[in-house]
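Peer 1: Attaching a predicted model along with its sequence, questions to come.
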Amino acid sequence: MLQSPYEQKSEEFKEKLLEVEKKHIKYFEERDPVFESDGERDHLHNHWVLWTQSDRVKFGFAHNSDLPDEIKKDCIDVFDQVF
């Protein structure tokens, strides 16, 4: 089935965020998991949200996210590149 342009970009965005997590893997490995289903460590996907409003895509961080500024900046850069 064909994906919409939003679905394609959303998948690309998620893949690039996985690269950000790998870049900062030590940070995530040193943190406890947020949810039991996360295994033995924290993951970047626990810290961000992506939503659409009309024809706009918005990106932000979960209200309880305590990511360092460097990781947040990397995430914002990825969002800007993809969307």
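Peer 2: That came through, no problem.
Peer 1: how deep is the residue nearest to Gln3 when sequence neighbours are not counted tucked in, by neighbour count?
Peer 2: The shortest distance from Gln3 to any non-neighbouring residue, by C-beta to C-beta, 6 or more residues apart in numbering, is to Glu11 (7.3 Å). Just so you know, the C-beta spots here come from the backbone N, C-alpha and C atoms, and that holds for glycine as well. For Glu11, the tally of surrounding residues (other C-beta atoms under 10 Å) stands at 12.
Peer 1: do you know how far Glu11 is from Leu50?
Peer 2: 11 Å (C-beta to C-beta, to the nearest Å).
Peer 1: Verify the contact between Asp74 and Lys22 for me.
Peer 2: No. Using C-beta atoms under 8 Å, Asp74 is not in contact with Lys22; the gap is 11.1 Å.
Peer 1: neighbour-wise, which of those two wins?
Peer 2: Neighbours per residue (other C-beta under 10 Å) separate Asp74 from Lys22, with Asp74 holding more: 20 against 10.
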